[in-house]
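In: Okay, predicted coordinates and the sequence, questions at the end:
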Amino acid sequence: MNYQQPQQAPPAHHQILVTTMNDVPGYEVVAVYGEVFGLVARARNVFSNIGASFRTITGGEARGYTQLLSDSRDQSVQRLREAAMARGANAVIAMRFDCNEIANMISEVAAYGTAVSIRPVAPQAPAGQPAAYAQPTPGQPA
């Protein structure tokens with residue numbers, strides 16, 4: 001007998017569209033909820049600091065820091081999505097990152113943007129055809 005695990009739906013915050021664009025082609029903004037952000041502040045461990053010190057002498061990528069910043073960006077976007085969802089939004093437009101360092105020990109990463117609600121734009125009917133008979137563009141939700 002072949003048993004398969006049931007597929008789980010993605011968490012609700014993953015259904016929040018995040019884009020760096022100021023608009024979403026094929027969609028219209030119907031509500032604006034304001035600025036939202038996701039913030040992460042992480043301290044580096046002493047071994048990463050020692051390894052990075054050697055990298056400043058010899059040159060090359062500090063892989064521990066690269067992974068730390070990559071993970072921080074992912075987590076800040078996740079928190080951004082959660083903040084947008086808490087406001088009732090289904091998208092975040094004009095998303096940007098901001099990174100800082102606190103006391104040379106803590107890396108701060110912020111993802112921020114504008115929480116909005118979007119909906120698909122109604123397809124246009126060809127000339128001479130009533131709008132009720134318009135066909136959706138392929139790949140566009142009806």
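Out: Done, it's in. Numbers count the residues shown, from 1 in each chain.
In: drop to CA atoms for contacts and neighbour counts, all remaining ones
Out: OK.
In: Tell me the buried residues in the lengthiest strand in the chain?
Out: Counting by DSSP state E, the longest strand found in the chain is strand 27-43. For strand 27-43, the buried set under the neighbour-count rule, 16 or more other C-alpha atoms under 10 Å, comprises 32, 35-42.
In: From these, pick the one nearest Ala86.
Out: Val36 (9.9 Å; C-alpha to C-alpha).
In: Report the contact partners of that closest one.
Out: Contact analysis of Val36 by C-alpha atoms under 8 Å, 6 or more residues apart in numbering lists 80, 83-84, 112-115.
In: Any idea what it is bridged to?
Out: Gly113 (DSSP bridges).
In: if we can go back for a sec, for PyMOL, write the select line for the buried members of the contacts of Val36.
Out: Remark: buried members of the contacts of Val36, expressed as a PyMOL selection using 16+ other C-alpha under 10 Å:
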select buried, resi 80+83+84+112+113+114+115
